[in-house]
Structure formats: structure tokens, C-alpha cells
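J.: Output the structure for:
(one chain, ligands or ions: 3)
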Amino acid sequence: MLLYCAYLLFLLNITDDVHCIGSKPELSLEAETETVVPLAAEDSSCGCQNMKRDAVVDIKRESSVIENPAVKYSKTSNDNPTDTLTIGQVSYTRSQMLLIPGGEFLMGTDDPGIPPDGESPKRKVHLKPFYMDVHEVSNHQFQSFINATGHITEAERFGDSFVFEGLLSEEVKSQITQAVAAAPWWVPVRGADWRHPEGPDSSISDRLDHPVLHVSWDDAVAYCTWAHKRLPTEAEWEYACRGGLQDRLYPWGNKLNPKGQHYANLWQGEFPTHNSGEDGYTKTSPVMSFPANGYGLYDMVGNAWEWTADWWTVHHTTEEQHNPAGPLSGTDRVKKGGSYMCHKSYCYRYRCAARSQNTPDSSASNLGFRCVSQEQP
Ligand SMILES: *[C@@H]1O[C@H](CO)[C@@H](O)[C@H](O)[C@H]1NC(C)=O
Ligand SMILES: [Ca+2]
Ligand SMILES: [Ca+2]
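T.: Ligands and ions are numbered 1, 2, ... in the order given. Here you go, the predicted structure:
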């Protein structure tokens, strides 16, 4: 356990004041505008913040201790971490990462869509260059990690995870006794985990190229560590999301559906009762199903929410910062990008500046991650 904590501290200790200002890709943009109507927090909640395990489930804390991490995450368990995944015409290995050039950018916004989330103020941030996974970590990739390490996820240890009610079978629904009062569409489902995204009667066999779900922050850190990577800081994630554009809502510009096209897997219809699936998917989509942003990254917004390394706070300095890594302590971790469940009416969080949080042991059917690395993969 001590070793594991030391490892985490090592991972989190990634700031320093050395900075490089690199070149930014110059992208030209047609003037696209869309009115931003700020929503009150209660109207815009995915209910995600309410998914605190302690609030709804009786858990055995001691079972979440990871046994003998030194063995599980030692280099020897990672001798051959490559595997090949074919999606459409593209075949690539687990370690495909893209160089995100260092530079400066304006983080946050002075025109927050959801003010209580701490999206403002807009502030200048300098970042060193880093490499980022081109897509969300897929089920296939996570399976390689599990096969190599025997890692047991927190959802498996706790015995349950949060699933969006609209995805459940009648059989599973009939066994549900609890729900999250403020967000009744979230239900803790026994036997839901990354292999069984909608409970025991579901499987990932037809979704190996979809983002892995039901991973806690600790599970995500364990995966990235195994792959010799780490979680992105919130600043790195947001910089990467913006894809070299300035002052835009989305990774591709300001218009949600340029020329009537969908650029991300979100929710169309009425939340939470009717998902029209106009973008082609009512649940997760295979990674890389929508256009890449200016840095070549896929699904930065939508599909699955993505954990970042930072502790959550809504108070930010306006001072210029170099490689910020968030507060030194906290109770929740920051997640970014929104998911296939996000609709403007409830979760206008599929913007680069948007943010939300969960306790590090939370897991859910719309929350995943991707990793970054300072070195060339
Ligand atoms: C993991 O192990 C299972 C069972 O042996 C196997 O079916 C699966 O293909 C393996 N997955 C990867 C990605 O290696
Ligand atoms: Ca969708
Ligand atoms: Ca995403």
C-alpha cells in the first residue's frame, strides 16, 4: 500500500516551472456562432456529482486495498505491452499517441455555460509538450492490462457500479432497490463493471473498440502506470481538447453541428426519457467514430467522460501559470468532456472549458479516461 501511495505521489508530482513555448497550428475558422445560455447548476446536472458510493451503497472499505502493487505494476508485468487493434481501416497498437506541442493557451472561459462549475476565469497557462492517447482507452486495451496484471477494478471490489437506467434490461431493473434521489436515472447495479457495462446480463464482446467504462480514478491511474503513462492534468486535457483553436466552445469550433453534421457522440432528444440517436449512437460509440480535432485527437468531447489527474476546485488564480496540476488535496477528481448522455438541457458540459467531478472511487456507465506521457511512446 505504501509503495502504491508513493507511486501515486510520484505520478502527481509532475509540475515544474520549466516551460517551452512551441508553435501552435494555425487553423482558419469560418465565423460560427451559437448563443451560449448559462444554466443554473441544478438544471444542468448529469447527476454525476451525486454518484457518491457512500451515499447509496454499503461498502467494505478494506476490500479496495490493492494487494501487492509492486508485483502488479512492476516493469516485468509489462514486458510486451503492445497489441494491435483494428478499427475500420485503421490498425494501430495500444501505444498510439500524438505529440501535443507545448505552448500557451487560455484555459477556462469568462462566459461560463455553467458558472457554479468553476469554468472561469479565463487564464493564461503555459504547458510543456506532451504525448496524448489518440483516443479514449478502449475495452480491448483495458483487457490487455487486466490480462497482464490481474488488476481488479474498484467496481468489481465494491460489487456494483452506476448505470444509466435507460440502458438496463427489465430483468436488472426489477432487482433495483435504490436510486440517487437527485438524479433518479442513475442506479447502482450489482454486478455492473467494465466487462458488464449494464449489469451481469450484459457484455463487451461486441464493443471491444468502445471506451472502457466503470473504471474509477484509481483504476485509470493503475492502467496508465502500467502503460508507463499518466493521467493528463486538467490543463493538459483542456489544451488538447481545444486542438489549437482559441476561444471556441468545442474542439472543432463554436457551432455544435456545423453544416448539420454531428462532431461528437452526445444526446439528441429529451433527457432522460428519449434519446433519438440522431448522431448514430444512443450508447457509447467505437472510439474514433467522429472527426478528430486539430491535434488529431478523437472524442475529446462526448462518448465517455474522461478522468484527469487534478483534484477538484472551483477557485482558480487569474495569474499566469506554468504546467499547473490543480490543488494539492481535495475530495473529488476532475473529469472532462461530457459523454453520450450529455444534452444541453441537463449537461451542457461537452465544451472544452466545461468540467465536472466525482469521488476517486466512483465508476459509472459513462466515465472512462485516456493517458498522456512526457516521453515519446
Ligand atoms: C485476455 O484474455 C482472454 C482470456 O484468455 C482472451 O480471450 C483475450 O483475447 C485477452 N485479451 C487481450 C487483449 O489480450
Ligand atoms: Ca449519441
Ligand atoms: Ca470523451
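J.: Give me the distance from stretch 262-275 to the chain's centre.
T.: Centroid separation for stretch 262-275 versus its chain: 18 Å, with CA atoms, centre = their mean, to the nearest Å.
J.: Contacts for that stretch, please.
T.: By CB atoms under 8 Å, 6 or more residues apart in numbering, the residues outside stretch 262-275 that reach it are 164-166, 185, 250-252, 256-257, 276-282, 284-285, 289-291, 299, 301-303, 338-343, 345-347, 350. Placement of C-beta: from N, CA and C, glycine included.
J.: pLDDT averaged over that stretch, what's the number?
T.: If you average the pLDDT over stretch 262-275, you get 97.
J.: Return the set of buried residues in it.
T.: Residues of stretch 262-275 classed as buried: 262-267, 271-272, 275 (neighbour count, 16 or more other CB atoms under 10 Å).
J.: With stretch 242-257 instead?
T.: For stretch 242-257, the neighbour count (16+ other CB under 10 Å) marks 242-245, 248-256 as buried.
J.: Check stretch 214-231 too.
T.: Residues of stretch 214-231 classed as buried by neighbour count (16+ other CB under 10 Å): 214-227, 229-231.
J.: In helices, which of the buried residues of stretch 262-275 fall?
T.: Secondary structure from DSSP state H places none of the buried residues of stretch 262-275 in helices.
J.: wait, what's in contact with the closest residue to residue 118 other than its chain neighbours?
T.: Nearest residue to residue 118 in three dimensions, chain neighbours excluded: residue 314, at 2.8 Å (CB to CB, 6 or more residues apart in numbering). Neighbouring residues of residue 314 by CB under 8 Å, 6+ apart: 116-118.
J.: List buried residues within those.
T.: Buried members of those, scored by 16+ other CB under 10 Å, are 117-118.
J.: of all the contacts of residue 314, which comes closest to residue 199?
T.: residue 117 (30.3 Å; CB to CB).
J.: from memory the closest one sits against residue 351, does it?
T.: No: Residue 117 lies out of contact with residue 351 (CB atoms under 8 Å); the separation is 10.4 Å.
J.: Can I take it that residue 342 is in a strand?
T.: No: under DSSP: H, G, I helix; E, B strand; the rest coil, residue 342 falls outside any strand and is assigned coil.
J.: thinking again about what came up before, against residue 344, how distant is the residue nearest to residue 118?
T.: Taking CB to CB, to the nearest Å as the measure, residue 314 falls 21 Å from residue 344.
J.: now swap in residue 357 and tell me
T.: 20 Å.
J.: Comparing those two, which shows the higher neighbour count?
T.: For residue 357 versus residue 344, the count of surrounding residues by other CB atoms under 10 Å is larger for residue 357: 22 against 16.
J.: what kind of secondary structure is residue 239 in?
T.: Here residue 239 is recorded as helix under three-state DSSP.
J.: What sits closest to it if chain neighbours are left out?
T.: Nearest to residue 239 is residue 105, by CB to CB, 6+ apart, at 5.1 Å.
J.: Go through stretch 161-172 and flag the buried ones.
T.: 161-168, 172.
J.: now it: mean pLDDT?
T.: 93.
J.: and what of stretch 148-156?
T.: Mean predicted lDDT for stretch 148-156 stands at 97.
J.: could you dump that stretch to PDB, C-alpha only?
T.: Provided in PDB are the C-alpha atoms of stretch 148-156 (Å, rounded to 0.1, in the frame of the first residue of the first chain):
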ATOM      1  CA  ALA A 148      -1.200  -8.800 -17.900                       C
ATOM      2  CA  THR A 149      -1.700  -7.600 -14.300                       C
ATOM      3  CA  GLY A 150      -4.700  -9.300 -12.800                       C
ATOM      4  CA  HIS A 151      -5.900  -5.900 -11.600                       C
ATOM      5  CA  ILE A 152      -9.400  -6.000 -10.100                       C
ATOM      6  CA  THR A 153     -11.300  -2.800 -10.600                       C
ATOM      7  CA  GLU A 154     -13.000  -0.900  -7.800                       C
ATOM      8  CA  ALA A 155     -16.400  -1.600  -9.200                       C
ATOM      9  CA  GLU A 156     -15.600  -5.300  -9.000                       C
END
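J.: Return the residues of this structure in contact with ligand 1.
T.: Within the chain, the positions adjacent to ligand 1 are 83, 140, 143-144, 147 by CB under 6 Å from any ligand atom.
J.: now do 5 Å
T.: 143-144, 147 (CB under 5 Å from any ligand atom).
J.: Can you tell me which of these is nearest residue 206?
T.: residue 143 (13.7 Å).
J.: Help me confirm that the closest one comes into contact with residue 208.
T.: Yes: with contact defined as CB under 8 Å, residue 143 reaches residue 208; the gap is 7.3 Å.
J.: circling back: out of the buried residues of stretch 262-275, which touch ligand 2?
T.: Within the set of the buried residues of stretch 262-275, contact with ligand 2 (CB under 5 Å from the ion) is found for residue 265.
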